[in-house]
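Q: The following comprises the amino acid sequence and a computationally predicted model.
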Amino acid sequence: MNLIPALFGLSAGALFGLLIHFQRRGLQTYDPLVGAFVSVSSMSCFLWVLSPFFIDYTWFSSKAALIFFLSGLFFPAAAQVAQVFSIARVGPALTSAIGAFAPFFAAFPAILFLENLGAFS
């Protein structure tokens with residue numbers, strides 16, 4: 001068994017849990033919408049700075065580019081606002097447990113949507 005992927009997976013899980021607790025701490029004194037805005041905007045700026053090193057700009061002419069662009073605009077902001085309000089209302093432990101189902105709620109509709117477009121034929 002290759003140990004590197006397992007270590008990356010465990011460290012990602014640990015950092016995600018640490019992020020939830022830091023957000024909980026920050027929500028004690030600040031407005032949740034400000035926290036969501038700072039989180040989404042800082043990640044967007046970071047990814048835009050990294051993008052010239054990893055993106056082939058001919059990809060923007062594909063049909064899927066518009067779908068990814070629209071989902072990239074709306075999903076992070078909506079998900080971050082929901083997460084911040086969830087941490088404020090129910091706490092970090094329950095938010096982390098429910099948040100573990102996020103890949104299912106992302107993959108299942110995507111499969112249905114892409115199947116209806118004929119992407120799997």
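A: Arrived safely. The shown structure was predicted, so the numbers you read here are calculated from the model rather than taken from an experiment.
Q: From the centre of this structure outward, give me the first residue you hit.
A: Geometric centre of the chain, nearest residue: residue 76, 5.7 Å, by Cα atoms, centre = their mean.
Q: show me the residues around it that make contact.
A: By Cβ atoms under 8 Å, 6 or more residues apart in numbering, the contact list for residue 76 reads 40, 43, 44. For the C-beta atoms, the positions are set from N, CA and C on the backbone; glycine is no exception.
Q: Count the neighbours of the second one for me.
A: It stands for residue 43. A count of neighbours around residue 43, defined by other Cβ atoms under 10 Å, yields 12.
Q: same thing with the last one?
A: Residue 44: 14 surrounding residues under other Cβ under 10 Å.
Q: check contacts around it.
A: residue 76.
Q: one step back: relative to residue 14, which of the contacts of residue 76 is nearest.
A: Nearest to residue 14 among those: residue 43, at 18.9 Å, using Cβ to Cβ.
Q: buried ones in the helix ranked longest in the chain?
A: Taking DSSP state H as the criterion, the chain has its longest helix at helix 64-90. By neighbour count on 16 or more other Cβ atoms under 10 Å, the buried set for helix 64-90 is 76, 77, 80, 81, 83, 84, 86, 87, 88.
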